[in-house]
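Undergrad: fold the stuff below for me.
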Amino acid sequence: MSIPVAVVTGASRGIGQHLADGLERAGYAVERGSRAVADVTNRAAVERWIGDVVERHGRIDLLVNNAGVIDTEVPIEESDPDEWWRTMEANVLGPYLVTRFSMPHMVRAGGGRVVNLNSGAGTRAGEVASAYNVSKTALARITGSTHLSGARHGIRAFDLAPGVVRTDMTLSMRAHEGRAEWTEPREVVDLVLALASGALDAWSGRMVRAGVDTPESLRERAALGLAETDRTITLVPWGSDDPLG
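TA: Next comes the predicted model:
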């Protein structure tokens, strides 16, 4: 049996490194992305990198879009426009490009899975670091579109909120100063492995959250049935008479 192939962006440190290590321990051939390997915001670099991966391994079974940044924690009226847009490019354009150039290979192979590292910040507006919240909301739309267009080709896509893992990024954030409870990296790894296995395909197009959800709890909840909008970001109408409902 051939070894499954995983691509993990932003794998040189933090959550990405934990995920790449965990996937390798589980038997995956892991291609570790970093800025040195390919800038995910550069179309030519991404297309070349993904092409090289497929040339060496023949396919991609799992894509984990982990690479991302956060903007300075200031209100929108104090934000730096250039930094704001760089955050959007890293967190939205990057996952789009890697997904865009990976999916045709998954289609030809008859399927695959895409896991996008999202955040609870994507489900709400933020008083500070607005680009981060905006970018994660947009990322959820990429996940949803990947799910809808990929389903007929055997491709599934998931938003995974990792909780708050102790990393360079989270330790630098004022929002987490004095935090005593952290999500364990193994909890994130366990969820990614379960999503990659196909055991949680009912959650395609939806968000799961490490540190709260487990593979077991997600399987049990899915068995009870999921409504169309469960764990999705959607408009909440005021009632049955809302014309936007």
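
Undergrad: residues near the nearest residue to A131 once chain neighbours are set aside, how many?
TA: In this structure, A131 finds its nearest non-sequential neighbour in T87, 3.8 Å apart by CB to CB, 6 or more residues apart in numbering. (Glycine included, C-beta is placed from N, CA and C.) T87 sits with 23 neighbouring residues when counted by other CB atoms under 10 Å.

Undergrad: now W182
TA: 15.

Undergrad: can you give the distance of the lengthiest helix in the chain from its chain's centre?
TA: For the chain, the longest helix by residue count, based on DSSP state H, is helix 130-150. Mean-position distance between helix 130-150 and its chain equals 9 Å (CA atoms, centre = their mean, to the nearest Å).

Undergrad: name the helices or strands packed onto it?
TA: helix 81-88, helix 94-109, strand 112-117, strand 155-161 (3 or more CB pairs under 8 Å, 6 or more residues apart in numbering; DSSP states H and E).

Undergrad: the residue nearest to A131 reaches S135, doesn't it?
TA: Yes: using CB atoms under 8 Å, T87 is in contact with S135, at 5.9 Å.

Undergrad: would you list every one of the helices in this protein?
TA: Counting by DSSP H, the helices of the chain are 14-25, 43-57, 81-88, 94-109, 130-150, 168-171, 185-197, 215-223.

Undergrad: measure the most far-flung residue of the chain relative to its centre to L235 for me?
TA: Note on the chain: the largest separation between a C-alpha and the mean C-alpha position, by CA atoms, centre = their mean, falls on D241 (35.3 Å). Distance, D241 to L235, by CB to CB, to the nearest Å: 15 Å.
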